[in-house]
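Student: Okay, predicted coordinates and the sequence, questions at the end:
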Amino acid sequence: MCPLPLLAKLTPNVTDIVPIAQAAADGGADAVSLVNTFIGLAIDWRKRKPILGNITGGLSGPAIKPLALRLIWRVARNVKIPIIGVGGIASLNDVMEFLIAGASAVQIGTANFFDPTISVRLVDELRETCTELGVGSVSELVGTLKTA
């Protein structure tokens, strides 16, 4: 038994992520992290060869945000452990979308490459936004997407 929190980072490259997230929860994960990179392919059409040495590779950054949001929303509706949202987060609006979709926390990845101070700035912006909304805690925002 591990005394530290156990987080399972799940791949989006599956048919249905919900039962996998539930299996992680049933297996003792304290939280799940959604999502890892989507498998992609880049081609040099002139050479008719893949650009990547491994042929395929992970796609991350802003391109995957809508895909990640959908999977977080689906898992949040069906699994009762916290979700760490990952995938294309580069602004306060992105953070808020992930929280509203059901993420309890977020991870900044690709955006760190073009702005190494982004995490500190987003924490400050999130604090200010919660104050503006009259929200005492980020947890009050989690999973509040209205679909009807």
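Tutor: Looks like it arrived, so ask away.
Student: switch to C-alpha atoms for all contacts and neighbour counts from now on
Tutor: Fine.
Student: Give me the distance between Leu126 and Arg46.
Tutor: Leu126 is 46 Å from Arg46, where distance means CA to CA, to the nearest Å.
Student: hmm, I was thinking of Thr15
Tutor: From Thr15 to Arg46 the distance is 33 Å (CA to CA).
Student: Same question for Leu52.
Tutor: 15 Å.
Student: higher neighbour count, those two?
Tutor: Ranked by neighbour count (other CA atoms under 10 Å), Leu52 and Arg46 place Leu52 first, with 13 against 6.
Student: What is the burial count for the closest residue to that one other than its chain neighbours?
Tutor: Computed as CA to CA, 6 or more residues apart in numbering, the closest residue to Leu52 that is not its neighbour in sequence is Ala42, at 6.8 Å. Neighbour count of Ala42, defined by other CA under 10 Å: 12.
Student: Counting by contacts, list what the helix or strand harbouring Ser33 packs against.
Tutor: Element membership for Ser33 (DSSP states H and E) is strand 31-34. Applying 3 or more CA pairs under 8 Å, 6 or more residues apart in numbering; DSSP states H and E, one finds that strand 31-34 makes contact with strand 7-10, helix 17-26, helix 65-78, strand 83-86.
Student: could you dump the ones you listed to JSON lines with mean neighbour count and mean pLDDT?
Tutor: Below are the helices and strands packed on strand 31-34 laid out as JSON lines (neighbours: other CA atoms under 10 Å; pLDDT from 0 to 100):
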{"stretch": "strand 7-10", "mean neighbour count": "18", "mean pLDDT": "96"}
{"stretch": "helix 17-26", "mean neighbour count": "18", "mean pLDDT": "98"}
{"stretch": "helix 65-78", "mean neighbour count": "19", "mean pLDDT": "97"}
{"stretch": "strand 83-86", "mean neighbour count": "27", "mean pLDDT": "97"}
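Student: which stretch among the ones you listed comes nearest Asn36?
Tutor: strand 7-10 (6.2 Å; CA to CA).
Student: Would you list the strands that the closest one pairs with, along with their directions?
Tutor: Using DSSP bridges, strand 7-10 pairs in its sheet with strand 31-34 (parallel).
Student: Could I get the average pLDDT for the strand it pairs with?
Tutor: Strand 31-34 carries an average pLDDT of 97.
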